[in-house]
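> here is a sequence together with a model predicted from it:
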Amino acid sequence: MRSIEGVMRHSPLLCAIVLLAAAAAYGQNAPPRFEVASIKPGGDEFSTRPERLHGRFRWTTQLMYLIGYAYRLDFSRVSCSNGGDTYVIEATFDPAATDDQVRSMVQSLLADRFKMRSHRVTTEADGYALSIGKGGPKVTEAKPPEAAPSATGDDSFIAAITPEAGVTEINAHRVPLSRLAETLHRVIGLPVWDRTGLSKDYDFAFRYRQDLSADVATDVPSLTAALQDDLGIRLHKEKGPVETLIVDSIEEPSEN
């Protein structure tokens, strides 16, 4: 039986076909990358969320937020010695790219331009879990966007504000409950895990009272009561895994 090497040596056409197939396979497995990307040093002001619109990506932010966005981690779970450095990122991509693909593009940007190398560490920690409450969930499923988010920009959001002393208000549009867990993690300072099993996008809003001093009074419910009454979601203590991304090395970004 003739070896593969022998067949390819005596069959240039077959050799070309094999090489093209290998190149195609490599292209399918290669991580997505931005078409063009510009990175410049930023100033003192930054935002915690990127702007995506019509295939353009713009963001002035700190490295820890950029890394957290790329790997779907809260910035507090990113350990980076210079995570507070600010950069201006401007890039272009195929408008049809999904959110997961854009985040993968940011991962490629960190690896290619910042030469970032990292590893993950998982530990057990005390925190809280969200599960389906008594009577079932009350969250409203978000209506599908009239146009694809990639064409109109990502209009989903979740925001926590303090409208009055001792009160937190959370408003959300077109987000999964995993985003609520991430937001509560930042607000209360402890891990929060989504155990609801609800995977769709929802619209919701609620208010709850913070830990109050003796001279502040309000009839706003506690966080546990607000989640149960307004969203039909139960909040309870739980121990669970907390994943941290450790940045082993990262450099100043290469030229644009």
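Perfect, I can see it now.
> show me what contacts residue 232?
Residues counted as contacts of residue 232 (C-beta atoms under 8 Å, 6 or more residues apart in numbering) are 132, 133, 134, 135, 136, 137, 138, 139. Every C-beta, even on glycine, is put in place using the N, C-alpha and C of the backbone.
> show me where this structure has strands.
36-41, 51-53, 56-62, 78-79, 86-92, 117-132, 140-141, 157-164, 167-175, 192-194, 202-209, 233-249 (DSSP state E).
> next, the buried residues of the fifth one.
This means strand 86-92. 86, 87, 89, 90, 91 (16 or more other C-beta atoms under 10 Å).
> so what's the closest residue in space to residue 224 that isn't next to it in sequence bridging to?
Nearest non-adjacent residue to residue 224, counting by C-beta to C-beta, 6 or more residues apart in numbering: residue 235, 5.0 Å away. Beta-bridge partners for residue 235, by DSSP bridges, are residue 130.
> my guess is residue 235 contacts residue 127. True?
No. Contact criterion C-beta atoms under 8 Å: residue 235 and residue 127 do not qualify, at 10.6 Å.
> returning to that earlier point: could I get the pLDDT score of the residue nearest to residue 224?
On the pLDDT scale, residue 235 is placed at 96.
> residues near it, how many?
22 (other C-beta atoms under 10 Å).
> next one: residue 164
11.
> gap between it and residue 104?
41 Å (C-beta to C-beta, to the nearest Å).
> repeat for residue 187
For residue 187 relative to residue 104 (C-beta to C-beta), the value is 28 Å.
> residue 123 now?
For residue 123, the distance to residue 104 - C-beta to C-beta - is 26 Å.
> could you do residue 29 as well?
12 Å.
> neighbour-wise, which of these two wins?
residue 104 (17 against 7).
> residues touching the more buried one, list them.
So residue 104 contacts 31, 32, 70 (C-beta under 8 Å, 6+ apart).
> per-residue confidence at the residue lying closest to residue 56 once chain neighbours are set aside?
Nearest residue to residue 56 in three dimensions, chain neighbours excluded: residue 92, at 5.7 Å (C-beta to C-beta, 6+ apart). On pLDDT, residue 92 comes in at 97.
> tell me which residues touch residue 92, please.
Going by C-beta under 8 Å, 6+ apart, the list of residues near residue 92 reads 34, 35, 36, 37, 55, 56, 57.
> what do you get if the cut-off is 10 Å, keeping everything else the same?
Neighbouring residues of residue 92 by C-beta atoms under 10 Å, 6 or more residues apart in numbering: 34, 35, 36, 37, 38, 54, 55, 56, 57.
> ok, of those residues, which come out buried?
If we count by 16+ other C-beta under 10 Å, the contacts of residue 92 have these buried: 34, 37, 55, 57.
> farthest pair within those residues?
Greatest spatial distance in the buried ones among the contacts of residue 92: 37 and 55, 12.7 Å, computed using C-beta to C-beta.
> identify the contacts common to those two.
Joint contacts of residue 37 and residue 55 (C-beta under 10 Å, 6+ apart) are 91, 92, 93.
> buried sites along stretch 55-73?
Buried residues in stretch 55-73, counted by 16+ other C-beta under 10 Å: 55, 57, 59-71, 73.
> from these, which two are the most distant?
55 and 64 (26.0 Å).
> ok, the residue nearest to residue 224 touching residue 190?
No. If you go by C-beta atoms under 10 Å, residue 235 and residue 190 don't touch, sitting 11.1 Å apart.
> which residues do these two both contact?
128, 184.
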